[in-house]
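Engineer: Structure for this input, please:
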Amino acid sequence: MAADRVIFHIDCNGFYAAVECLDDPSLCSVPMAVAGDPEARSGIILAKNELAKAYGIQTAETVYQARRKCPDLVLVPPRSARYREVSGRVKALFAEYTDQVESFGLDEAWLDVTGSLRYFRATPRELADRIRLRVKEEIGITVSVGVSYNKVFAKLGSDLKKPDATTVITCENYQRLIWPLPVTAMLFVGHTAAEQLHKLGIRTIGEMAQADPAALEKMLGKGGPALWRYANGLDDAPVLHVGEREPAKSIGNGMTFRRDLVGWDELKSALIALADEVASRLRAEQVKCAALQVTIKNPELKSICRQTVLPHPTHLQKELVEEGMKLLRANWREKSPVRALTLTAQQLIADEELQEQVDLTDSCGAVRDKFEQAEAAMQKLRRRYGRSSIVMGFTGDEELGLKRVRHQPVVSDE
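Structural biologist: Numbers count the residues shown, from 1 in each chain. Below is the predicted model:
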């Protein structure tokens, strides 16, 4: 671990809402939020301004819940293209200070400014404040900056004070600032992991730091000791350079339907639409998946996740649909309604690393080769004429909302 590193984590405050207020200043004086379409049943809060936050409105809650808290809440639809445009301007400004800028979604990024401080003749806090001021004056939104010697603590720092603030976490003060926080404040600790940690009597980051790594590994697998290291400030992960990115660990696609789906035929239509995007992204990443996960949400918003190891690594849409349907048939009742569905390709293997043994008795191999050629040809046609020029196995069903499958916005993590 390099304790002399200087890492920034910069978080755009209420990014989607901030962009909407930037373009329409009248929204600054009212409680407002960016939300999905309630009629399309994707009606959740994606971002909110400070006035809405004062009512207790939270990101990812439903529009119905938000309006119960604030009946006068003003809702605006998301504009993904505009958010990408502003995000690009913000990240370009960051790149003026270092070539190590690692994006974490549209509205967050890590910067390694270890080698930049002497050039800009500034302390870490001074440089962070300088960047905050420039973003506010030149782009018109605010950011919060966490300054530390590793990525995890920098991320925690940007979350501690909002909006428009700088928080410095050092080797000397991290136990005082971070250890009292709940474990859910730590990066990579979700609801399920928190429940498991609570069973060990671990509710704060400090308690996790002082726990037995072996007990954490027994409870959480290899992620347990990693969380122990993070809590003790032992994260040494580098900040990637501009344009560089880590290989994807999984590729998924999900959607909420306009009405509940019932029956295998409707569920298969949905899987075909989801697998179309997943297969396309697998090819773009030049990887195949060795495992598949299906997440099913019912009308009461309860979800189940089921995984399976595939007979062989694949990026074929047809095989993703077939294996997905096997999971559905084994774990769901045909007449039970489905509100939302997610298909996730896991255990990704790079094409150049994949060395499958050829089974001369495999009668399906020739058939698979034909589908490989067909889907590869389809990809070429799409690159030339657009994604909508050709589809495999279904036509978009507007009643179910399948045409919207590639355009749902990502929830902003504020």
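Engineer: pLDDT value on the closest residue to V338 other than its chain neighbours, please?
Structural biologist: Nearest residue to V338, sequence neighbours excluded (Cβ to Cβ, 6 or more residues apart in numbering): L261, at 4.6 Å. In short, each C-beta sits where N, CA and C put it, glycine included. On the pLDDT scale, L261 is placed at 93.
Engineer: and F153, helix, strand or coil?
Structural biologist: State at F153, reduced to three classes by DSSP: H, G, I helix; E, B strand; the rest coil: helix.
Engineer: wait, what's in contact with it?
Structural biologist: Contact analysis of F153 by Cβ atoms under 8 Å, 6 or more residues apart in numbering lists I7, G146, I169, Y174, I178, G233, D235.
Engineer: if we go to 7 Å?
Structural biologist: Going by Cβ atoms under 7 Å, 6 or more residues apart in numbering, F153 touches I169, Y174, I178, G233.
Engineer: could you dump the residues you listed to CSV with secondary structure?
Structural biologist: As requested, the contacts of F153 are exported to CSV (three-state DSSP):
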residue, secondary structure
I169, coil
Y174, helix
I178, coil
G233, coil
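Engineer: got these as JSON lines, with neighbour count columns?
Structural biologist: Below are the contacts of F153 laid out as JSON lines (neighbours: other Cβ atoms under 10 Å):
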{"residue": "I169", "neighbour count": "25"}
{"residue": "Y174", "neighbour count": "21"}
{"residue": "I178", "neighbour count": "24"}
{"residue": "G233", "neighbour count": "21"}
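Engineer: Now do the same contact list for the residue lying closest to I169 once chain neighbours are set aside.
Structural biologist: Spatial nearest neighbour of I169, chain neighbours left out: S148 (4.2 Å); criterion: Cβ to Cβ, 6+ apart. Contact partners of S148, counting by Cβ under 7 Å, 6+ apart, are I7, A154, G157, I169.
Engineer: looking at the sheet around A340, what are its partners?
Structural biologist: Judged by DSSP bridges, the bridge partners of A340 are T256, K297.
Engineer: burial of it, as a residue count?
Structural biologist: As a burial measure, A340 scores 20 neighbours (other Cβ atoms under 10 Å).
Engineer: Do a quick rundown of the strands in the stretch 151-300 of the chain.
Structural biologist: Assigned by DSSP state E, counting those that start in this stretch, the stretch 151-300 of the chain shows strands spanning 166-168, 251-261, 287-297.
Engineer: how big is the angle separating the second one from strand 287-297?
Structural biologist: Spelled out, that is strand 251-261. Per axes from the mean of the first three to the mean of the last three Cα atoms, to 10 degrees, the angle that strand 251-261 makes with strand 287-297 is 30 degrees.
Engineer: just checking, what packs against strand 251-261?
Structural biologist: On a contact count with 3 or more Cβ pairs under 7 Å, 6 or more residues apart in numbering; DSSP states H and E, strand 251-261 meets helix 264-285, strand 338-350.
Engineer: rerun that using 8 Å as the cut-off
Structural biologist: In this structure, strand 251-261 packs against helix 264-285, strand 287-297, strand 338-350, with contacts taken as 3 or more Cβ pairs under 8 Å, 6 or more residues apart in numbering; DSSP states H and E.
Engineer: Include distance to T192 when you put these into TSV, please.
Structural biologist: Listed next are the helices and strands packed on strand 251-261 as TSV, based on distance: least, Cβ to Cβ, whole Å:
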stretch	distance to T192
helix 264-285	23
strand 287-297	13
strand 338-350	15
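Engineer: Out of those, which gets nearest to H312?
Structural biologist: strand 287-297 (8.0 Å; Cβ to Cβ).
Engineer: per-residue confidence averaged over that closest one?
Structural biologist: Strand 287-297 shows an average pLDDT of 93 in the prediction.
Engineer: on that earlier part again, and which of the contacts of F153 is nearest to M255?
Structural biologist: I178 (37.0 Å).
Engineer: Need phi/psi at the closest one.
Structural biologist: phi -100, psi -40 (degrees, to the nearest 10).
Engineer: Tell me, what's the model's pLDDT at it?
Structural biologist: 96.
Engineer: can you check R329 too?
Structural biologist: For R329, pLDDT reads 95.
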